[in-house]
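Chemist: pasting the structure only:
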């Protein structure tokens, strides 16, 4: 071996050994109580700089200690802890600075040598909320802030998160109001003090606060009250009309009826209506974080797509938080998660969120059918990537990459376990109904599987075998084969048997359905995915080009901006007219596009006119879809 190569190999070996030794210095979590309670103080008053200032007082003993910043975040199903937003870390003990060293392998671990005689560490740092969406999700504005405790603490390694006690406190801007699932112990001019709780419960209990705040009861049941807490960019964004409030109250009634239990002593919907505060939909056991654009209440009739968010997130209290996939349960937030059952965790939740949106009246049946048509069409016609990547593999996507734009999403595939999972559970629901002559349904599975242990907050894990057993307990069938065929197959085409078994089929028409029309307007998009094979944003930039579509074959990509259509300056109506004119097969479509500093003219070979997905009744088949959407309360 060449001397330089040998030296390099030896250096690499030494580095690898050093890294292994460093990693071995991080204690494995054990089911043992951490001695003492950690005081956590968060100052969230610096809204000008968008800084959360954190102080901790951690009881310790002399010797080696490892402090962890949470990496694997619940609901993210991935190592998304924003360690890059932690700044200014200082540690003191006995009034003196104590050095810390970041682990050479695990960037989320900090090694500290606690001197003799020091019984507590004083830890201080800042969590720097992004200033703009280009830096990440904005969690603090002039009107709204969100406290996700896991981003504002370090915790000692070597213990289950359920065995580490925290005493949290918070300072907010003057006169701001807040909501959280945590119990308020005291509140005065110095801030808010919450009751001591485990790290597990703390992380599962975020807080929304705002200058403009409304809190209304959705269900005042003594054991399991449900509240809607709304913060917004302005007073008008938090005004709720009686019929809107009635639909949200109906949602709670329908959800509790569906699952037949409450795994919470109270439940807090945290809803931010804002164009500035970062959008979010994140589940927790006794609450959920929900962020929607302005107009959720104010432009109720014009919007609609976002109203399935709260049904989805509340469903997670049963599916995902109480009943949890076994490989998604971890003893603390720095042990890797596995996502093999996300098609249940998220896919079934997507299904019930869809159904509850209809049953509650948050969606009309027309909107619910339109959403289903859109998802069925997307998977059936705009996901050629199913040919190489099955649904089961997409459950790894959160770990592979964040939800960032893709060059060829239709081919690469993203987290399709949501909407393809929905289609699988529609398939299962209608199969149960068919086999039982409509005497039983997936509702019975939901109550039997998620309704157990009423009042319990302790996670109850499940496996693939448990899911199969639950289905068989309601309707005997080869459910294992049924599910594996749909999870492991490569098509062609999406699993649409459940749709047809429900009495409806996917068809295409020249005009968008009501759901699609509202969604495109909210996103400021025009969509020609099922004709030319692309969508266009408000700045005339191509948003997505479908793999092997006419646009793809003509050489179009998402790096391009539309300049002209058939020699006329681009506008959306002109492009629509040009596509309509292709139906006679005589009028070609010629586009002038710009990519970087280059212009080119492309001709698209297409003659099918405008195409948008709709559902159409199948004559002679029972209308099971309407039966699924029918309210139960």
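Modeler: Yes, it's here. Quick caveat, the model's predicted, so the values are computed rather than measured. Numbers count the residues shown, from 1 in each chain.
Chemist: host element of the closest residue to residue 64 other than its chain neighbours?
Modeler: Distances taken as C-beta to C-beta, 6 or more residues apart in numbering put residue 113 closest to residue 64, at 6.0 Å, once the chain neighbours are dropped. Glycine gets a C-beta too; all of them are placed from N, C-alpha and C. Assigned by DSSP states H and E, residue 113 belongs to strand 109-114.
Chemist: and that strand, what does it pack onto?
Modeler: Here strand 109-114 touches strand 63-68, strand 86-93, strand 100-102, going by 3 or more C-beta pairs under 8 Å, 6 or more residues apart in numbering; DSSP states H and E.
Chemist: gap between residue 184 and residue 168?
Modeler: Going from residue 184 to residue 168 by C-beta to C-beta, to the nearest Å gives 11 Å.
Chemist: So the two - more neighbours on which side?
Modeler: More neighbours surround residue 168 than the other of residue 184 and residue 168, with 26 against 12 (other C-beta atoms under 10 Å).
Chemist: what lines up beside the helix or strand containing the more buried one in the sheet?
Modeler: Following DSSP H and E, the helix or strand that holds residue 168 is strand 165-171. Strand pairing for strand 165-171, determined by DSSP bridges: strand 37-46 (parallel), strand 191-194 (antiparallel), strand 197-198 (antiparallel).
Chemist: how about the ones you listed, which one is nearest residue 237?
Modeler: strand 37-46 (20.8 Å; C-beta to C-beta).
Chemist: Could you break the protein into its assigned domains?
Modeler: The chain breaks down by automatic domain parsing into domains covering 37-240+264-299, 323-506+618-629, 531-610.
Chemist: before we move on, the earlier item: nearest to residue 201, of the helices and strands packed on strand 109-114?
Modeler: Across the helices and strands packed on strand 109-114, closest to residue 201 is strand 63-68 (C-beta to C-beta), at 17.5 Å.
Chemist: Sheet partners, orientation included, of that closest one?
Modeler: Assessed with DSSP bridges, strand 63-68 is paired to strand 109-114 (antiparallel), strand 155-156 (antiparallel).
Chemist: Could you point out the helix or strand that follows it?
Modeler: strand 72-73.
Chemist: follow-up on the earlier one: anything in contact with each of residue 184 and residue 168?
Modeler: Common contacts of residue 184 and residue 168 (C-beta atoms under 8 Å, 6 or more residues apart in numbering): 193-194.
Chemist: where does residue 213 land on pLDDT?
Modeler: Residue 213 carries a pLDDT score of 98 in this model.
Chemist: and what of residue 9?
Modeler: Note for residue 9: predicted pLDDT of 41.
Chemist: do residue 120 as well
Modeler: We have a pLDDT of 98 for residue 120.
Chemist: That one contacts residue 57, correct?
Modeler: Yes. If you go by C-beta atoms under 8 Å, residue 120 and residue 57 touch, sitting 5.4 Å apart.
Chemist: which non-adjacent residue is nearest residue 378?
Modeler: residue 419 (6.8 Å).
Chemist: Roughly how far does the one you found sit from residue 534?
Modeler: Distance from residue 419 to residue 534, by C-beta to C-beta: 20 Å.
Chemist: And for residue 497?
Modeler: Taking C-beta to C-beta, one finds residue 497 at 29 Å from residue 534.
Chemist: Looking at these two, which is more packed in?
Modeler: Each of residue 497 and residue 534 has its neighbours counted (other C-beta under 10 Å); residue 534 has more, 24 against 15.
Chemist: so how far is the helix or strand hosting residue 215 from its chain's centroid?
Modeler: If you go by DSSP H and E, residue 215 is part of strand 213-219. Computed by C-alpha atoms, centre = their mean, to the nearest Å, the chain-centroid distance of strand 213-219 equals 23 Å.
Chemist: Pull up the pairing partners for it, direction included.
Modeler: strand 225-232 (antiparallel).
Chemist: now the strand it pairs with: how far from the chain's centre is it?
Modeler: 19 Å.
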